[in-house]
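Student: below are the sequence and a predicted model for it; my questions follow.
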Amino acid sequence: MSIQLTDIVKSFKTDRVLDSLSLGVSRGETLVLFGPSGAGKTVLLRLIAGVIDPDEGRIVINGVDMEGVEPEERGIGMAFQNFALFPHMDAHANIASPLTARRRTRADIEDRVNEVAELLKIRHVLGHKPKELSNGQKQRTALGRALAAEPSILLLDDPLRNVDAKLRFEMRLELPRLLKAQEATVIYVTQDYKEAMALGDRIAVMGAHGIAQVGTPEDIYLTPADTTIARLFGDPAINLLDVVPEQGGGGPEIQLSGARMPLDTAYAGVVGRPCILGIRPETIRFTEAGAPGVIPVEIEAETPLNEKTVTLAATRAGREILISRPAGTPGPDRGTAHIAIDPSGALLFDQATGKRIHPGESA
Ligand SMILES: Nc1ncnc2c1ncn2[C@@H]1O[C@H](COP(=O)(O)OP(=O)(O)OP(=O)(O)O)[C@@H](O)[C@H]1O
């Protein structure tokens with residue numbers, strides 16, 4: 001492990017922001033910290049950087065306990081939300097500053113500055129002073145400086161927050177390559193789930209009391225620990241319907257719109273238990289009436305969403321369901337339509353706690 005946090009506690013007055021948090025990040029891994037405002041993401045980065053100290057717990061970096069180790073001795077590069085650029089230097093000099101300090105050759109510095117400026121799309125403003133840069137450009141310059149320094153550990157606090165949507169999209173595609181090429185261990189904070197999924201080897205989802213779930217983007221998307229996390233990932237959001245599974249002829253099933261949707265037989269233990277059925281909009285498809293498990297719905301509205309078309313439909317009981325399909329593929333007109341839900345993608349959560357019910361779990 002490159003970074004190992006064990007039982008970290010941090011309070012401000014009576015407010016316990018981090019409560020016994022443990023987390024390990026492997027060498028070369030990009031770990032995304034994802035969560036709502038106030039969850040303690042920045043506090044966690046500041047603790048690792050050594051700007052503040054934990055009340056309890058241990059921080060070990062590359063095998064060395066960091067207690068008493070000054071921030072500048074920790075070998076960490078940072079780009080925080082407040083840009084902290086040198087105001088009298090242009091963007092080029094700001095990005096080059098860690099390399100100049102290390103007395104790298106001029107040609108070396110030029111190559112490195114141009115490489116990060118190219119990636120961050122700021123080559124055209126390299127001659128500008130911070131006051132002539134937009135917030136998004138300042139943020140990218142600060143990120144460029146952190147990248148140029150090539151630290152073995154890089155802490156990035158929402159570095160694309162002020163960057164417009166189109167650039168964010170492009171950087172989501174390009175940043176992972178650059179971070180991998182750096183071979184740095186990266187902790188990357190964001191509130192944008194798409195950024196989290198694009199950049200993270202793993203994602204740590206932070207809730208009110210620390211880390212709610214850690215896993216690969218796929219783990220978090222396909223098997224979220226609870227309904228809150230399920231809702232945070234996905235656009236359109238996951239469908240969540242209150243249901244009570246029943247015993248059918250071939251195994252557990254759910255009644256929807258007068259039809260019967262079979263559940264995986266591993267869910268036999270949930271018959272009679274109040275559950276929430278979670279269905280991702282893209283796992284539902286329109287189909288013909290008549291086949292077993294096909295559910296009739298009324299189409300209410302349709303809207304384009306980026307590269308998808310999203311349909312709002314209602315069951316006979318008036319429960320609304322979102323269905324998404326690739327834009328340009330045919331869909332039904334208004335009126336009655338029929339849908340099929342892939343049971344292998346259906347998730348079940350406990351109605352009382354919101355926690356995901358694992359297949360094979362008994363009542
Ligand atoms: N120096 C401080 N003094 C008092 N409270 C603080 C201090 N630093 C952070 N906090 C509190 O700790 C909590 C977590 O703050 P933090 O900035 O880590 O949240 P965050 O998850 O990074 O949010 P955001 O995404 O908005 O940056 C907040 O309630 C904040 O008010």
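Tutor: Done, it's in. Nothing here was measured: the structure is a model prediction, and the numbers come from that model.

Student: surely residue 17 is within a helix?
Tutor: No. Looking at residue 17 with DSSP: H, G, I helix; E, B strand; the rest coil, it is strand, so not inside a helix.

Student: within range of the ligand, give me the residues from this structure.
Tutor: With CB under 6 Å from any ligand atom as the criterion, the chain comes near the ligand at residues 12, 17, 35, 37, 38, 39, 40, 41, 42, 43, 191. (Glycine included, C-beta is placed from N, CA and C.)

Student: identify the residues contacting the second one.
Tutor: So the one you mean is residue 17. When contacts are counted by CB atoms under 8 Å, 6 or more residues apart in numbering, residue 17 is found next to 10, 11, 40, 43.

Student: kindly report the same for the third one.
Tutor: For residue 35, the contacting residues are 41, 191, 205, 206, 207, 212, taking CB under 8 Å, 6+ apart as the criterion.

Student: for the closest residue in space to the last one that isn't next to it in sequence, which residues make a bridge with it?
Tutor: By the measure of CB to CB, 6 or more residues apart in numbering, the closest residue to residue 212 outside its immediate chain neighbours is residue 205, 4.9 Å from it. In this structure, residue 205 bridges to residue 34, residue 213 when assessed by DSSP bridges.

Student: now residue 252
Tutor: Taking DSSP bridges as the rule, residue 252 bridges to residue 247.

Student: now do the SS call for the residue of the chain most remote from its centre.
Tutor: Largest separation from the mean C-alpha position in the chain: residue 249, at 40.2 Å (CA atoms, centre = their mean). At residue 249, secondary structure determined by three-state DSSP is coil.

Student: who are the contact partners of the closest residue to residue 346 other than its chain neighbours?
Tutor: Spatial nearest neighbour of residue 346, excluding adjacent residues (CB to CB, 6+ apart): residue 279 at 5.7 Å. Contacts for residue 279 (CB under 8 Å, 6+ apart) come out as 238, 239, 241, 321, 341, 345, 346, 347.

Student: quick check: which of those has the minimum pLDDT.
Tutor: Ranked by pLDDT, the contacts of residue 279 bottom out at residue 345 (83).

Student: look up how far residue 258 lies from it.
Tutor: Here residue 345 is placed at a distance of 22 Å from residue 258 (CB to CB, to the nearest Å).

Student: which one's more surrounded, these two?
Tutor: The neighbour comparison of residue 345 against residue 258 (other CB atoms under 10 Å) goes to residue 345, with 13 against 10.

Student: which residue, other than its chain neighbours, is closest to the more buried one?
Tutor: With CB to CB, 6+ apart as the criterion, residue 345 has its nearest non-adjacent residue at 3.8 Å, and that residue is residue 283.

Student: could you dump the residues of the chain next to the ligand to JSON lines with secondary structure and pLDDT?
Tutor: Below are the residues of the chain next to the ligand laid out as JSON lines (DSSP: H, G, I helix; E, B strand; the rest coil; pLDDT from 0 to 100):
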{"residue": "12", "secondary structure": "strand", "pLDDT": "93"}
{"residue": "17", "secondary structure": "strand", "pLDDT": "92"}
{"residue": "35", "secondary structure": "coil", "pLDDT": "91"}
{"residue": "37", "secondary structure": "coil", "pLDDT": "88"}
{"residue": "38", "secondary structure": "coil", "pLDDT": "88"}
{"residue": "39", "secondary structure": "coil", "pLDDT": "90"}
{"residue": "40", "secondary structure": "coil", "pLDDT": "92"}
{"residue": "41", "secondary structure": "helix", "pLDDT": "93"}
{"residue": "42", "secondary structure": "helix", "pLDDT": "92"}
{"residue": "43", "secondary structure": "helix", "pLDDT": "93"}
{"residue": "191", "secondary structure": "coil", "pLDDT": "90"}
